[in-house]
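Undergrad: Quick check, what structure comes out for this input:
(one chain, ligands or ions: 2)
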Amino acid sequence: MRVKVSPSQVAGSIAIPSSKSLAHRAIICASLAQGTSTISNITYSKDIDATIACMEALGATIKKQETSCIITGTNVKKRTMPVSMDCNESGSTLRFLIPLCALSNQKATLMGHGRLMQRPMDVYTQIFDEQQLTFQQTDHIEVCGPLRSGTYTIRGDISSQFITGLLFALPLLDQGSQIAIIPPFESKSYVDLTLQMLRSFGITIHPIDDTHYQIPTHQSYLAGDVRVEGDWSQAAFYTVLGAIQGPLTLKNMNADSLQGDKVVIEAIKNKTWQQEDLIIDPAPLTGQTIDLADCPDLGPILCVLAAYSQGTTHLIHAQRLRMKESDRIEAMETELRKWGVEISSTYDTITIVGKDTYAKDNVVIHGHNDHRIVMAMTVFGLCARSSCIIDDAQAITKSYPNFFQDIQDIGGKVEIL
Ligand SMILES: O=C(O)C1=C[C@@H](OP(=O)(O)O)[C@@H](O)[C@H](O)C1
Ligand SMILES: C=C(OP(=O)(O)O)C(=O)O
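TA: Residues are numbered from 1 along each chain as shown. Ligands and ions are numbered 1, 2, ... in the order given. Now for the predicted structure:
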């Protein structure tokens, strides 16, 4: 898909899609519960569809409705047949489900597409190695359990998704376990989301301190009804767009959310809450230092904020951006330079010297098969003084299939070519 993005004055309100991270977790917990749960306010996307399909492959019954799912769970420990499932390009799906697949001694084959199989797996390869369990990775992954309880010591700076994956599976074992995180513990807020969702389904985890979790034994997931709150990672695109040239109203947001990406509102000046609506007004933007350790998915759109801010912005602790759907540091450097943005990077940092306006003829942006790069570069293009083309734009379907429609609805000039 190619789109033409033209300078636009946006205004109005947007119903922000619901949280992808929380929806993955709710679907997985409900699929592990005895009985039937309803998960409402789901925004479907390729990633969420992958998790649904995988949980069905593991034995859950899932009825998809327009914005909700009715889920009857299954006992994954009692799986007696090999299973094969496709995680598409979703890192969350793959890393969350490997430990659950390994609760049984039957083989599970997990397939992936795009860059998924190149993203780090070391934490799991090491655990399976130590427990002398099968973990074979080629263009797909094969695992075989049964995973055992114990103390899991895990590096905290590769991906929090390994910790979440273990937290789903370990409560189902016959003996208690502990997880010890080797600092720095990055993306910790995502683990907090996991604990919050586990609690909603009757599972108890005891955080001992900031880097240790104790997991009681013999637990069962209890069916429940959960409504998924708005997605702060997606709201970030509109927060930045509104701050550069709003006003915009972001509807259905939880001001008390545990989502780490909520910090995006700290990076801009003019914001007001009216109950669950957040109103963003434009205000002069200045360079700042922002730590991405706990909010890596904000990286691309914060590069856009920095490009339109006077002075220098430093994004620090950014290395994990290199291990996503694309190398997001390299991708943003390449694409922003096409517009003439002054940007440089080290392995772990990004530095941008911003200015008010950008105009250039014949800019063709490449989306790097990465939804967050496409969405960030769309916001950049809407705020520029000349049009651009974005190719590979279908990548948005990974998390937000309605993105261009929603942008058009607030006056954004986006033409599908
Ligand atoms: O647990 C989650 O829902 C996620 C954790 C983060 O990954 P890392 O922990 O690998 O940084 C984030 O980037 C990803 O989009 C979603
Ligand atoms: C990195 C992302 O997701 P995942 O890790 O689940 O593929 C993302 O949504 O930006």
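Undergrad: CA only for contacts and neighbour counts going forward, please
TA: Fine.
Undergrad: Pull up the residues of the stretch 51-200 of the chain that are close to ligand 2.
TA: 89-92 (CA under 6 Å from any ligand atom).
Undergrad: Put together TSV for these, with distance to residue 266 on each row.
TA: Shown next, in TSV, are those (distance: CA to CA, whole Å):
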residue	distance to residue 266
89	30
90	28
91	27
92	26
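Undergrad: got the domain boundaries for this structure?
TA: 3-16+230-416, 20-211 (automatic domain parsing).
Undergrad: Take those and write them to TSV, including mean pLDDT.
TA: Listed next are these as TSV, based on pLDDT from 0 to 100:
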stretch	mean pLDDT
domain 3-16+230-416	97
domain 20-211	97
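Undergrad: Nearest to residue 221, out of those?
TA: domain 20-211 (4.4 Å; CA to CA).
Undergrad: who are the neighbours in contact with the residue in the chain sticking out farthest from the centre?
TA: Distance to the chain centre peaks in the chain at residue 361, reaching 33.4 Å (criterion: CA atoms, centre = their mean). Shown in contact with residue 361 (CA atoms under 8 Å, 6 or more residues apart in numbering): 386-388.
Undergrad: Phi and psi next, for residue 83.
TA: Phi and psi for residue 83, reported as degrees, to the nearest 10, are phi -140, psi 150.
Undergrad: okay, the domains of the chain in JSON lines with distance to residue 223 next?
TA: Converted to JSON lines, the domains of the chain look like this (distance: least, CA to CA, whole Å):
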{"stretch": "domain 3-16+230-416", "distance to residue 223": "22"}
{"stretch": "domain 20-211", "distance to residue 223": "5"}
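Undergrad: Any residues of the chain in contact with ligand 1? List them.
TA: 21, 92, 159-161, 187, 190, 296-297.
Undergrad: Tell me the one of the residues you listed nearest ligand 2?
TA: Nearest to ligand 2 out of these is residue 92 (CA to the nearest ligand atom; 3.6 Å).
Undergrad: How about the contacts made by the closest residue to residue 296 other than its chain neighbours?
TA: Leaving aside its chain neighbours, residue 296 sits nearest to residue 321 (6.1 Å; criterion: CA to CA, 6 or more residues apart in numbering). Residue 321 sits next to 296-297, 299, 327-329 when contact means CA under 8 Å, 6+ apart.
Undergrad: just the buried members of these?
TA: Using 16 or more other CA atoms under 10 Å as the burial test, the contacts of residue 321 include 296-297, 299, 327-329 as buried.
Undergrad: can you put those residues in a markdown table and add secondary structure?
TA: Shown next, in a markdown table, are the buried ones among the contacts of residue 321 (DSSP: H, G, I helix; E, B strand; the rest coil):
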| residue | secondary structure |
| --- | --- |
| 296 | helix |
| 297 | helix |
| 299 | helix |
| 327 | coil |
| 328 | helix |
| 329 | helix |
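Undergrad: just those that are near ligand 2?
TA: residue 297.
Undergrad: Tabulate the buried ones among the contacts of residue 321 (a markdown table), appending distance to residue 66.
TA: As requested, the buried ones among the contacts of residue 321 are exported to a markdown table (distance: CA to CA, whole Å):
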| residue | distance to residue 66 |
| --- | --- |
| 296 | 30 |
| 297 | 27 |
| 299 | 31 |
| 327 | 34 |
| 328 | 32 |
| 329 | 36 |
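Undergrad: number of nearby residues for residue 311?
TA: 15 (other CA atoms under 10 Å).
Undergrad: That one against residue 355, yeah?
TA: Yes - the pair residue 311 / residue 355 is scored as a contact, 7.3 Å apart, by CA atoms under 8 Å.
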